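A.B. asks: After the sequence you'll find the predicted model.
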Amino acid sequence: MSTSDRRRFLRRSAGLAAATLATARAATSAADPVPDAVPEWTRTPGHPILRPPYGERSYHETGIVRIPIPGRVNTMSSASLTPLQDMRGIVTPSGLVFERHHGGVPDIPPHEHRLLVHGLVARPLVFGMEELMRFPSVSRMHFLECSGNTAGEWKGKGGTVQVTHGLLSCCEWTGVPLAVVLQETGIDPRAQWLLAEGADAAAMTRSIPIEKALDDAMLVYAQNGEMLRPEQGYPLRLLLPGFEGNASVKWLRRIKVGTAPFMTREETSKYTDLMPDGTARQFTLTMEAKSVILRPSGGQQVRGPGFVEIQGVAWSGRGRITRVDVSVDGGRSWRAAQLQEPVLTKCLTAFRVPWQWNGAPAVLQSRAVDETGYMQPTRSQLIAARGLDSYYHYNAIQSWQLAADGAVTNVHA
Ligand code: CO
């Protein structure tokens with residue numbers, strides 16, 4: 001087959017829309033001929049088995065990393081952000097899951113770790129890891145989002161999607177339903193709230209409504225097919241699907257059952273929402289529906305007009321995503337995006353929209369609708385309801401401006 005035959009064959013076999021072909025044609029232009037030579041890596045055998053024994057990604061991909069939140073680099077109370085712009089599908093690799101810890105990452109030998117369950121229970125009990133892992137287990141896919149995610153957008157700070165939305169990840173979590181362990185201890189009929197306490201140096205504590213504890217709360221010891229990573233709470237963490245990330249206490253050492261919330265620092269001075277009338281919303285635990293376009297997004301460059309697949313993720317702490325709409329004209333008109341299966345409850349849902357970009361400036365937006373009928377608000381709707389004194393729970397529609405030169409920037413439409 002001659003080089004030109006091969007080019008024709010490549011074009012035909014691609015079987016794509018006309019505009020996609022334009023991209024393929026550019027890739028096989030005369031300056032970049034289809035190679036006739038068999039490449040070096042085909043002529044010599046590769047490595048016999050992967051080294052080191054715990055596999056690593058290609059060294060060509062090592063630039064995809066978490067980055068610290070600006071200003072929180074070397075402090076004990078620190079955070080790092082998931083590189084969402086490079087995320088494919090809905091599972092966040094364990095090494096890229098965002099971090100937020102308030103007293104550093106503790107080093108806990110699993111055989112020495114204990115969970116105490118006490119308070120308004122019939123039988124106070126202490127569990128070791130082996131005992132917890134003997135209980136009937138469950139694995140579920142859920143997103144985890146810090147309620148401070150996107151907080152910079154209240155003030156319109158801008159940046160890339162990693163900076164704006166990177167306190168968001170999604171994993172398969174394995175553990176014991178908390179309800180199963182509470183069945184073992186028995187709970188007093190007066191029980192209304194639980195205190196969850198971490199074994200880290202911050203002794204992170206949060207109050208959890210009993211309804212959540214008996215619904216889908218999990219005591220998690222594994223993530224994405226292996227034991228938890230240290231920064232994700234090894235050897236044991238709480239997971240409250242759809243709740244603000246901070247309430248899913250890591251390095252869980254104690255659960256106390258009581259009649260009222262425990263009014264810890266993290267739910268009085270922190271993790272509350274200051275409203276325009278000067279009052280503060282408290283125990284706003286459920287994360288509302290939200291979505292964001294990952295590609296194209298802030299800091300990226302679209303290489304010329306033609307076919308662009310707009311790709312993003314949507315999620316809701318109240319259940320399943322039922323619809324995602326995408327706009328390329330700043331919200332004047334909307335198109336329904338295609339949702340990628342599986343669409344799971346309290347889990348990231350990937351969406352995509354095919355688009356022919358004509359090269360004119362455009363403002364790209366997405367908005368999520370969940371199974372309760374809740375629709376993600378515009379930025380002005382959110383500010384009208386909440387004012388500008390809040391820090392947590394910003395879930396407005398995100399706008400990315402695509403300029404005629406292909407540069408993408410964060411704008412506040
Ligand atoms: Co909250």
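C.D. replies: Yep, it's here. Numbering: from 1, shown residues only.
A.B. asks: Would you mind listing the buried residues in stretch 233-245?
C.D. replies: For stretch 233-245, a neighbour-count test (16 or more other CB atoms under 10 Å) marks 233-245 as buried. Any C-beta I mention is one placed from the backbone N, CA and C, and that applies to glycine too.
A.B. asks: Oops, could you answer that again for stretch 359-373 instead?
C.D. replies: Residues of stretch 359-373 classed as buried: 362, 363, 364, 365, 366, 367, 368, 369, 370 (neighbour count, 16+ other CB under 10 Å).
A.B. asks: Stretch 338-347 too?
C.D. replies: 339, 343, 344, 345, 346, 347.
A.B. asks: which residues touch the nearest residue to residue 165 once chain neighbours are set aside?
C.D. replies: Distances taken as CB to CB, 6 or more residues apart in numbering put residue 292 closest to residue 165, at 5.0 Å, once the chain neighbours are dropped. By CB atoms under 8 Å, 6 or more residues apart in numbering, the contact set of residue 292 is 84, 161, 164, 165, 312, 313, 366, 398.
A.B. asks: Roughly how far does the residue nearest to residue 135 when sequence neighbours are not counted sit from residue 184?
C.D. replies: Excluding the flanking residues, the one nearest residue 135 by CB to CB, 6+ apart is residue 176, at 4.2 Å. Counting by CB to CB, to the nearest Å, the gap from residue 176 to residue 184 is 10 Å.
A.B. asks: picking that back up, now, which of the contacts of residue 292 lie close to the ion?
C.D. replies: Subset of those in contact with the ion: empty, counting by CB under 5 Å from the ion.
A.B. asks: Name the member of these that has the highest neighbour count.
C.D. replies: The residue in the contacts of residue 292 with the most neighbours, by other CB atoms under 10 Å, is residue 161 (31 neighbours).
A.B. asks: wait, doesn't it sit right on residue 298?
C.D. replies: Yes. Residue 161 is within contact range of residue 298, at 6.0 Å (criterion: CB atoms under 8 Å).
A.B. asks: picking up where we left off before, of the buried residues of stretch 233-245, just say which sits nearest to residue 129.
C.D. replies: Using CB to CB, residue 235 is the member of these that sits closest to residue 129, with 5.4 Å.
A.B. asks: I'd like the buried residues of stretch 233-245 as JSON lines, with secondary structure appended.
C.D. replies: Converted to JSON lines, the buried residues of stretch 233-245 look like this (DSSP: H, G, I helix; E, B strand; the rest coil):
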{"residue": "233", "secondary structure": "coil"}
{"residue": "234", "secondary structure": "coil"}
{"residue": "235", "secondary structure": "coil"}
{"residue": "236", "secondary structure": "coil"}
{"residue": "237", "secondary structure": "strand"}
{"residue": "238", "secondary structure": "strand"}
{"residue": "239", "secondary structure": "strand"}
{"residue": "240", "secondary structure": "coil"}
{"residue": "241", "secondary structure": "coil"}
{"residue": "242", "secondary structure": "coil"}
{"residue": "243", "secondary structure": "strand"}
{"residue": "244", "secondary structure": "strand"}
{"residue": "245", "secondary structure": "helix"}
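A.B. asks: Single out the residue in the stretch 301-413 of the chain that lies closest to the ion.
C.D. replies: Using CB to the ion, the single residue of the stretch 301-413 of the chain nearest to the ion is residue 392, 4.9 Å away.
A.B. asks: Can you give me the neighbour number for the nearest residue in space to that residue that is not next to it in sequence?
C.D. replies: Closest residue to residue 392 apart from its sequence neighbours, by CB to CB, 6+ apart: residue 147 at 4.0 Å. Look at residue 147: counted by other CB under 10 Å, it has 26 neighbours.
A.B. asks: quick revisit: now, the contacts of residue 292 that are in helices?
C.D. replies: In helices, defined here by DSSP state H, the members of these are 161, 164, 165.
A.B. asks: ok, so of these, who is nearest the ion?
C.D. replies: Among the ones in helices among the contacts of residue 292, and counting by CB to the ion, the member closest to the ion is residue 165, at 16.9 Å.
A.B. asks: give me every residue that touches the closest one.
C.D. replies: Residues near residue 165 by CB under 8 Å, 6+ apart: 84, 149, 150, 292, 398.
A.B. asks: Same question for residue 227.
C.D. replies: 110, 221, 234, 235.
A.B. asks: Show me the strands in the stretch 251-400 of the chain, by range?
C.D. replies: In the stretch 251-400 of the chain, the strands defined using DSSP state E, counting those that start in this stretch lie at 252-258, 273-274, 280-281, 290-295, 306-315, 321-327, 335-336, 338-339, 349-357, 362-370, 399-402.
A.B. asks: Just checking: what are the partner strands of the last one?
C.D. replies: Just to be clear, that refers to strand 399-402. strand 362-370 (antiparallel), strand 408-411 (antiparallel) (DSSP bridges).
A.B. asks: For the shortest one, output the C-alpha coordinates as PDB.
C.D. replies: This means strand 408-411. Extracted C-alpha coordinates of strand 408-411, given in PDB (Å, rounded to 0.1, in the frame of the first residue of the first chain):
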ATOM      1  CA  VAL A 408     -10.200  29.400  27.400                       C
ATOM      2  CA  THR A 409     -10.600  31.500  30.500                       C
ATOM      3  CA  ASN A 410     -12.800  31.500  33.700                       C
ATOM      4  CA  VAL A 411     -15.400  34.300  33.400                       C
END
